[in-house]
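[1] With the input below, show me the fold.
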Amino acid sequence: MTEPAANFLIHGHNNRVDVRGDITSFGVAGIATGRMAFAAPPYGEWRLFLLTRSPSQWILTNNVLAAFATCPEFHDVAVTVVPPGAIIAVHEGEWKLLPKYPPADVQEVHQRIAPLEHAVADVDTALRYEIRQIVARQRPLRLLLSGGVDSGLLASHLQEEHADAVALTLRTPWGNEIEGATRTADHVGMPLEIIDVTAEELEAAIPRCMRLLQSSDAEIISIHLLITISFESAAARGADLVTGLGSDLLNARSDIGMAGTSSDIGERVRATSASGLMSTAEFESGPRIFHPYWSPYMIHTQLSVPAALKKSEGIDKYYLRRLASYRLPHPTAYGEKVAIQEGSGLVRGLERHIGRTLQDHCTRTWEQLVHNSTQDSEPAI
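    Next comes the predicted model:
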């Protein structure tokens with residue numbers, strides 16, 4: 001192959017074929033009329049079929065029956081086993097296994113997709129490991145589920161590990177994520193429980209949230225308030241809580257969102273670790289909270305992903321969404337989602353209910369908690 005790049009690039013993951021380029025796709029097969037480069041997944045072995053009708057028109061597929069059903073006029077089936085990480089070139093109906101260090105023109109094509117697939121495989125492996133550690137405790141689990149990619153991936157992995165898990169989603173007076181949670185729960189086959197929470201219950205949960213987090217920061221409280229209520233609901237049933245908290249930060253590109261650079265991410269991770277936001281109740285007896293994305297293994301894995309893969313083609317969390325596209329419905333994998341405390345007006349609703357800003361309320365509540373703690377600790381005279 002001497003011309004720059006190939007007309008088409010195909011890569012594989014979890015027994016699926018994804019096509020980039022001008023190709024007519026059906027299922028996991030595609031009809032092509034030019035040359036093609038295939039980048040195999042970094043793990044596992046692929047059995048691929050090449051069906052030809054003429055030297056200039058052929059199908060590359062890993063589902064030969066589907067290909068025949070769609071285009072029965074194709075014939076001359078060739079089979080090849082593709083080793084992990086290999087690059088295959090197809091031209092005029094013939095395979096060519098490229099060397100380990102392929103020519104620059106093909107390497108250029110391969111480099112556009114290989115880092116993405118390695119990032120997808122790495123985070124998939126890390127998530128599976130973390131979920132297995134949680135499931136190994138053999139305790140009932142509740143998963144705080146939204147319509148987003150982060151908790152959706154956790155739901156998929158929990159079901160894959162046959163966890164004793166039920167999904168939770170909350171409905172406040174100002175909004176909910178029931179539609180997205182239902183879509184994901186139905187797709188993975190996980191039971192879903194909807195919890196209705198009143199304004200009075202949310203206000204009453206603020207001091208309990210503060211005790212859990214050891215913080216009076218209104219932003220931190222607003223993020224963790226629904227988690228606190230979910231945790232208490234899980235604990236009442238003797239279950240641990242699993243959340244997708246932390247993914248947004250670890251997969252951001254700057255302190256102004258995902259459109260900047262990655263230079264300050266490490267410092268932000270350290271600051272968040274010290275904020276109390278990622279409290280897991282690890283040192284308390286009884287039920288625990290698990291934030292799998294925030295485990296040391298997952299932190300390392302996500303921070304190791306090149307910043308360019310965290311936003312690509314205008315899509316945030318690009319590599320995570322790519323992984324989710326293999327496991328979840330498309331609206332869950334690629335849909336836009338705003339955190340419920342932001343999108344549903346939770347903070348604004350609470351402030352109307354309590355009659356002052358949330359930060360003012362948190363400051364006063366914290367002062368009262370400190371005062372009560374001081375009074376309780378004074379020796380009786």
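[2] ok, Ser230 to Pro173 distance?
    17 Å (CB to CB, to the nearest Å). In short, each C-beta sits where N, CA and C put it, glycine included.
[3] neighbour count winner among the two?
    Comparing Ser230 with Pro173 by other CB atoms under 10 Å, the one with more neighbours is Ser230, at 24 against 17.
[4] State the helix or strand in which that one lies.
    helix 218-236 (DSSP states H and E).
[5] Helices of the stretch 51-200 of the chain, start to end?
    64-70, 104-111, 114-135, 149-160, 178-188, 199-213 (DSSP state H, counting those that start in this stretch).
[6] quick one, which of these is packed in tightest?
    helix 149-160 (a mean of 25; mean count of other CB atoms under 10 Å).
[7] and that helix, what other elements does it pack with?
    Judged by 3 or more CB pairs under 8 Å, 6 or more residues apart in numbering; DSSP states H and E, the packing partners of helix 149-160 are helix 114-135, strand 141-144, strand 165-172, helix 178-188, helix 318-325, helix 330-334.
[8] thinking again about what came up before, least reliable of the helices of the stretch 51-200 of the chain by average pLDDT, please.
    Lowest mean pLDDT within the helices of the stretch 51-200 of the chain: helix 104-111, at a mean of 49.
[9] ok so, going back, how about TSV for the helices and strands packed on helix 149-160, with distance to Asp76 added?
    Shown next, in TSV, are the helices and strands packed on helix 149-160 (distance: least, CB to CB, whole Å):
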stretch	distance to Asp76
helix 114-135	30
strand 141-144	49
strand 165-172	48
helix 178-188	38
helix 318-325	32
helix 330-334	34
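[10] quick one, which of these is nearest to Gly276?
    Checking the helices and strands packed on helix 149-160 against Gly276 by CB to CB gives strand 141-144 as the closest, at 18.1 Å.
[11] Let me know the distance separating Ala218 from Leu225.
    10 Å.
[12] Between those two, tell me which one has more neighbours.
    Leu225 (27 against 19).
[13] Settle this for me: the more buried one is touching Leu202, isn't it.
    Yes - using CB atoms under 8 Å, Leu225 is in contact with Leu202, at 6.4 Å.
[14] was I right about Ile299 contacting Val269?
    Yes - Ile299 lies in contact with Val269 (CB under 8 Å); the separation is 6.7 Å.
[15] still on that earlier bit, for the helix holding Ser230, which positions count as buried?
    218, 220-231, 233-235 (16 or more other CB atoms under 10 Å).
[16] need the helix or strand of the chain with the lowest average pLDDT.
    Least confident helix or strand of the chain, by mean pLDDT, DSSP states H and E, is strand 24-26 with a mean of 35.
[17] got the helices of the stretch 51-200 of the chain as TSV, with distance to Asp360 columns?
    Below are the helices of the stretch 51-200 of the chain laid out as TSV (distance: least, CB to CB, whole Å):
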stretch	distance to Asp360
helix 64-70	62
helix 104-111	53
helix 114-135	38
helix 149-160	31
helix 178-188	31
helix 199-213	12
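[18] Can you check which of these gets nearest to Tyr326?
    helix 114-135 (8.2 Å).
[19] Not counting its own residues, what contacts that closest one?
    11, 13, 39, 41-43, 85, 141, 153-154, 157-158, 160-163, 240, 242, 290, 292, 295, 297-298, 301-302, 304-306, 309, 312, 318-320, 322-323 (CB atoms under 8 Å, 6 or more residues apart in numbering).
[20] just the buried members of the residues you listed?
    So, by 16+ other CB under 10 Å, the buried ones in the contacts of helix 114-135 are 11, 13, 39, 41-42, 141, 153-154, 157-158, 163, 240, 242, 290, 292, 295, 298, 301-302, 305, 309, 312, 318-320, 322-323.
[21] What score does Ala274 have for pLDDT?
    Confidence score, pLDDT, at Ala274: 75.
[22] same question, Ser312
    81.
[23] Check what contacts stretch 274-293 and list those residues.
    127, 130-131, 134, 139, 150, 154, 212-215, 217, 220, 223-224, 227, 231, 234-235, 238-247, 250, 272, 294, 298-299, 302.
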